[in-house]
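Trainee: this is a predicted model, with the sequence first.
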Amino acid sequence: MATKPPETLLEFLIFLLMISFLSASPEVCTNSLIPGAKGDQGEAGDVGEEGIMGKAGPPGHLGDAGDAGVKGDMGHIGKMGPMGHKGDKGDAGVDGPVGLKGTPGSTCDCGRYRRLVGPIDITLGKLKNSINFVKNVLLGLRETEENYYLLVKEAKMFQEASMNCRLRGGFLAMPKTANTNQILAEYISQAGLTRVYVGVKANSDNNETRSYVYSDSSPLQTFLGLSDSSPISNSFCVELLSSGTWTLTDCDNVMFFICEFPKSRRRAGTAPTLASGRTA
């Protein structure tokens, strides 16, 4: 809209004041926003929700060792281990005190007793010869100071042979010394055989280390009839050759066997069963 020019001096001054007032107004002369003074700090906001779990950090340093725990209860008793080696003979004990003096004996007729003792000795000698004949000829036994040995001519597998000897009151023969081994080897040879089962078994671990035990579960200690050149195989039973050598064989093989009967049992009143319907 056109402005009418001032005609008088007063109107001209009024016109200049109006122009200066309009130029000083920020709403007319500029569109820029000028920031005001910094306000007061507002109140703290509410706690936000828990964020997503981050990646696991590196392991921390090893802590100090804790205190020792309380001692636990005693565990179960384990299986009984193998029989240990026989210990050395101990020192002789101290002599005991002298006993009291006995009462005087009565006078005897020695001549009459001597006449009786002579025939008794002769009879005992005949009985011993008869017993030896029965054992060595009729029953075919062999013996050492500790044991009797019987060759059983019934072909069986190792486990069956072992059970047969136990039913008779003994064990599969255990050649624990070179002397016993030789007696059994001669026994086999005289019977016209070449090999029989004896009471020895082999055990082998993962390292192919072989150990041996007798049929009474005792470990071999001094005598071993296997030669050093015997190969390692998967056979775990032992047969005795007529030459006196041991060889490993399959436990399922069937062959004759030798049973062993301790003399101590016989003295205690337990007679071994040597054959069907007969005892030694």
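Mentor: Received, thanks. Numbers count the residues shown, from 1 in each chain.

Trainee: then Asp216 would be within a helix, right?
Mentor: No - with DSSP: H, G, I helix; E, B strand; the rest coil as the criterion, Asp216 is assigned coil and is not in a helix.

Trainee: for the closest residue to it other than its chain neighbours, list each beta-bridge partner.
Mentor: With sequence-adjacent residues excluded and distances taken as C-beta to C-beta, 6 or more residues apart in numbering, Asp216 is closest to Phe171, at 5.6 Å. Where you see a C-beta, it was placed from the backbone N, CA and C, and this is true even at glycine. Applying DSSP bridges to Phe171 yields these beta-bridge partners: Glu260.

Trainee: please identify which helix or strand holds Lys153.
Mentor: Mapping Lys153 onto the secondary structure by DSSP states H and E places it in strand 147-156.

Trainee: and the average pLDDT for that strand is what?
Mentor: Averaged across strand 147-156, pLDDT comes to 92.

Trainee: okay, now the sheet partners of it, with direction.
Mentor: In its sheet, strand 147-156 lies beside strand 142-143 (antiparallel), strand 255-262 (antiparallel), with partners assigned from DSSP bridges.

Trainee: just to revisit the earlier point, which ones are touching the residue nearest to Asp216?
Mentor: Contacts for Phe171 were tallied using C-beta atoms under 8 Å, 6 or more residues apart in numbering; they are 162, 165, 199, 214-216, 259-260.

Trainee: number of residues surrounding Gly102?
Mentor: Neighbourhood size, Gly102 [other C-beta atoms under 10 Å]: 6.

Trainee: tell me where the chain has strands.
Mentor: Shown for the chain, the strands assigned by DSSP state E span residues 142-143, 147-156, 171-172, 195-204, 210-214, 237-241, 246-249, 255-262, 273-275, 278-279.

Trainee: okay, the ones you listed in a markdown table with distance to Leu100 next?
Mentor: As requested, the strands of the chain are exported to a markdown table (distance: least, C-beta to C-beta, whole Å):
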| stretch | distance to Leu100 |
| --- | --- |
| strand 142-143 | 42 |
| strand 147-156 | 42 |
| strand 171-172 | 47 |
| strand 195-204 | 51 |
| strand 210-214 | 48 |
| strand 237-241 | 56 |
| strand 246-249 | 57 |
| strand 255-262 | 39 |
| strand 273-275 | 48 |
| strand 278-279 | 45 |
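
Trainee: so which of these is nearest Met83?
Mentor: strand 210-214 (9.6 Å; C-beta to C-beta).

Trainee: packing partners of the closest one?
Mentor: Using 3 or more C-beta pairs under 8 Å, 6 or more residues apart in numbering; DSSP states H and E as the contact criterion, the secondary-structure elements in contact with strand 210-214 are strand 195-204.
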